[in-house]
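1. Quick one: sequence plus predicted model below, questions after.
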Amino acid sequence: MSNFKFDSLFKRSNFIIVIKLNNLIDLMKRYFIIFTLLLWMVLAILSIYCLLEIGFRLATLGMLVSTLLPIVFFLGLDISSGSKWSIGQIIRIAVFLISTLLILLDYEAIGLIIIIVYTSNIMMWVLYIFWYSKLDYKESENLVLGETLPEIQFETYNDEPYYVSQLLGRKVVFLFYRGNWCPVDMAQVKELAIQYEDIKNTGAEVLMISPQPHGKTKELVEKLGVEFKFLMDKGNNIAMQLGIDNENGVPLGIGMNDYEKDTVLPTTIIADENQKIIYLNQTNDYRVRPESNSFLSILGRKDKI
């Protein structure tokens, strides 16, 4: 009996430790972007200072490139529907490594401390690709391919209730996006908006769902000018019901005060006329999303799962 109690206590303790560790990792992700931006500001100031002090040479060239490359990447951040190891990604990493090599080759000109600061930029880039970009989905009995969706209710951006059951008899595309703050989400929404007429011709309905405030959704509706239904998952309740909620998923930063700290994991669902799930995409990398063109073939087919 005592061994049983000890084993149960040990398992329970391990379970609590794992939960707290996961919460800590989620919290670290929330601070990652703002910390990275501050690092780039420091690097930019150092680059300008060294350029003015020692002039144009290998080290300062490497410093400028390694500082500007991540900034250019984030300003032009878009969605990738294929492998995350795209040609553009490989080129960026190669240029980043070459710029760091230039700094190391001319280390005598700038000193060891500055070299350490700049090599930390590599670490941040690696963390972004292999850690920050990764998403962890939980298994949920309410979100299974071939199964029927549970009854779910959202709100329109005019504060009116919206029941998904009223769409029985029509195929429905559910696009859960995190918010206007995410450039990849916005690229996916805009790509789907381009396909609006083609999707409409299949007789399907498109629901754009986010936990973001109504005001942010209104801004997006006015900007896109399409007839998709933009809905709010108030309190992230439906996301939690479906197992696609993301605790501490909203990064800290300028202009982020209007958003709650928790959000939804980017998820695309297509349900048939009986609200059975016939397509489910849960990306494990927030930069990689499905092509909206692929939805047309799914919406047009007659086969059953």
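-> Yep, that arrived.
2. wouldn't Gly203 be in contact with Arg170 here?
-> Yes. With contact defined as Cβ atoms under 8 Å, Gly203 reaches Arg170; the gap is 6.2 Å. All C-beta spots, glycine's among them, are computed from the backbone N, C-alpha and C.
3. ok, the residue nearest to Gln282 when sequence neighbours are not counted - contacts?
-> Nearest non-adjacent residue to Gln282, counting by Cβ to Cβ, 6 or more residues apart in numbering: Tyr137, 4.8 Å away. Taking Cβ atoms under 8 Å, 6 or more residues apart in numbering as the criterion, Tyr137 is in contact with 243-244, 265, 282, 284.
4. Now Tyr137, what are its backbone angles?
-> In terms of degrees, to the nearest 10, the main-chain angles of Tyr137 are phi -100, psi 150.
5. Now tell me which helix or strand of this protein has the poorest mean pLDDT.
-> Counting by mean pLDDT, DSSP states H and E, the chain has its least confident helix or strand at helix 2-54, which shows a mean of 71.
6. Quick one: name whatever helix or strand follows it.
-> Next helix or strand after helix 2-54 toward the C-terminus (DSSP states H and E): helix 58-75.
7. Quick check: phi and psi on Lys138?
-> Note on Lys138: backbone dihedrals following degrees, to the nearest 10 are phi -100, psi 140.
8. That one contacts Leu242, doesn't it?
-> No. Assessed by Cβ under 8 Å, Lys138 is found out of contact with Leu242, at 9.6 Å.
9. More neighbours: those two, which one.
-> Leu242 (23 against 12; other Cβ atoms under 10 Å).
10. Now that one. Nearest residue, chain neighbours left out?
-> Leu143 (4.7 Å).
11. before we move on, the earlier item: any idea how far the residue nearest to Gln282 lies from Leu242?
-> For Tyr137, the distance to Leu242 (Cβ to Cβ, to the nearest Å) stands at 10 Å.
12. Just the helices from the chain, written as ranges.
-> 2-54, 58-75, 87-105, 107-110, 112-127, 183-194, 196-201, 214-224, 237-242, 293-300 (DSSP state H).
13. For the residue nearest to Leu242, which residues are in contact?
-> 149, 242-244, 269, 277, 280.
14. now do Leu37
-> Contacts of Leu37 (Cβ under 8 Å, 6+ apart): Gly253.
15. same question, Lys218
-> So Lys218 contacts Tyr157 (Cβ under 8 Å, 6+ apart).
16. ok, so what distance separates it from Thr263?
-> The span separating Lys218 from Thr263 equals 18 Å under the rule Cβ to Cβ.
17. so which of the contacts of Tyr137 is the most crowded?
-> Tallying neighbours with other Cβ under 10 Å puts Ile244 at the head of the contacts of Tyr137, with 24 neighbours.
18. ok now do the residue nearest the centre of the chain, which residues does it touch?
-> Residue closest to the average C-alpha location in the chain (Cα atoms, centre = their mean): Tyr286, at 3.6 Å. Shown in contact with Tyr286 (Cβ under 8 Å, 6+ apart): 133, 135, 182, 184, 266.
19. Leaving out the residues flanking it, which one is nearest to the third one?
-> It refers to Cys182. Tyr286 (7.6 Å).
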